[in-house]
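Asks: Sequence plus the predicted model coming up.
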Amino acid sequence: MSGRGREALLAAGWAPGRDAGYNALHGMLTAVSTVSPDGQASWEPFPAAEDALRSFHGLTVPPAGPGTEVAARGCVVDPTRARYTVRAAADFGREIGARLFPLGVADGETPLLVDERGRLFAADTGGWWVLGESVEEGLAALAEGRAPRRIAAAAHEWRLGRLPDEDVVADLVKTAMVLVYVLHRHGLLATRATRFRVVGLRGHGPVRLDETFRLAAGSLDDIAERLLKDVREAVGAIPLGAAEKAVELLPGTSSKRPHPGVTCTVSAGRQGAEGIGVRLAAETRTVLEKGDGLAGALGELSGYAGQRPLTPTAVPENEPTAGAAP
């Protein structure tokens, strides 16, 4: 890494291979002695935190000019200054699946924390922010005034016009398969099955159907054809006209770790909602680790929604049943 941010670190007394020794250890032990008021959370040191504090403890890094993208900020590397964020850090750590440890403060009060992967975070009234994929990168970004990335759950919804000449079940299945393709292509969701639900009275009545369908191997067209056949058979003569119909994409799981939290549902017939509804939600961990993929998927799905505006079509609004394939 080069630039004004790194120059500010060097000017503050840092150098590759620096070791703050006893002072870093003392700061870590002081932080470890801090427990949340409810006694349920405490700091746990880990190698990435120890490495960061040995390298940067005791530095006061000033802003390196007016800021490249946002206002440049100074910081102090001292874990005792941020040790009282233990409760909030424990909660956020559970969301991202990694422990955090206090590193210091920016602007005299904004806590800085490092996680087990060595990433640097800041916590303020606006939420949690990732400053860099390493502590060096994050501290340099603060000094140089490079924009941080906000970490939060995300939820997006679209309303699509109905596909012409398709009944509601075919419309839902075909729309769901578009989402299967887009989310897989952007690395967000590897769909292995779908859950089809029918709930009476526009989603406020009894559950008429709640069944999971594994996706067969093959091309998207073949998978969609098979899924549509299986769903039609399960629906049978269930009346669909006044019911909410929904397809949820279900992810596969890994033996090493659960799939990050992405959920996607396609629905029709919900109270007060026209056409086909699409809801995509991503938990904090996914937004953090798959940020670029999420942005790409959102752009593609928004473009797809723009091709299906909510305009009147020849599709009847109250199909009595799923019926047979045309």
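Replies: Everything's here; your move. Numbers count the residues shown, from 1 in each chain.
Asks: Spit out the contact partners of residue 248.
Replies: 194-195, 197, 263-265 (C-beta atoms under 8 Å, 6 or more residues apart in numbering). Just so you know, the C-beta spots here come from the backbone N, C-alpha and C atoms, and that holds for glycine as well.
Asks: How about the helix or strand bottoming out on mean pLDDT in the chain, which residues are buried there?
Replies: For the chain, counting by mean pLDDT, DSSP states H and E, helix 200-203 ranks last in confidence among helices and strands (a mean of 82). Judged by neighbour count (16 or more other C-beta atoms under 10 Å), helix 200-203 contains these buried residues: 200, 203.
Asks: same thing with stretch 202-209?
Replies: 203, 208-209.
Asks: send the alpha carbons of it over as CSV?
Replies: Extracted C-alpha coordinates of stretch 202-209, given in CSV (Å, rounded to 0.1, in the frame of the first residue of the first chain):
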residue,chain,number,x,y,z
ARG,A,202,-54.7,-13.1,0.9
GLY,A,203,-52.2,-14.5,3.4
HIS,A,204,-54.3,-14.1,6.5
GLY,A,205,-56.2,-17.4,6.4
PRO,A,206,-55.4,-21.1,6.8
VAL,A,207,-52.4,-22.7,5.2
ARG,A,208,-53.6,-24.7,2.2
LEU,A,209,-50.2,-26.0,1.1
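Asks: What is the neighbour count of residue 149?
Replies: 12 (other C-beta atoms under 10 Å).
Asks: isn't it right next to residue 130, touching?
Replies: Yes. Counting by C-beta atoms under 8 Å, residue 130 is a contact partner of residue 149 at 5.0 Å.
Asks: As a check, name the ranges of all helices in this protein.
Replies: With DSSP state H as the criterion, the chain has helices at 4-11, 22-32, 47-56, 86-96, 135-144, 168-185, 200-203, 220-235, 284-289, 291-306.
Asks: can you give me the angle the fourth one makes with helix 22-32?
Replies: Spelled out, it's helix 86-96. On the basis of axes from the mean of the first three to the mean of the last three C-alpha atoms, to 10 degrees, helix 86-96 is oriented at 90 degrees to helix 22-32.
Asks: From the buried residues of stretch 202-209, pick the one nearest residue 34.
Replies: residue 203 (47.3 Å; C-beta to C-beta).
Asks: and residue 74, what is it in contact with?
Replies: 60-63, 106-107, 142-143.
Asks: and the spatially closest residue to residue 271 that is not a sequence neighbour, how far is that from residue 267?
Replies: Spatial nearest neighbour of residue 271, chain neighbours left out: residue 202 (3.9 Å); criterion: C-beta to C-beta, 6 or more residues apart in numbering. Distance check for residue 202 against residue 267: by C-beta to C-beta, to the nearest Å, it reads 11 Å.
Asks: can you list residues touching both of these two?
Replies: By C-beta under 8 Å, 6+ apart, the residues touching both residue 202 and residue 267 are residue 244.
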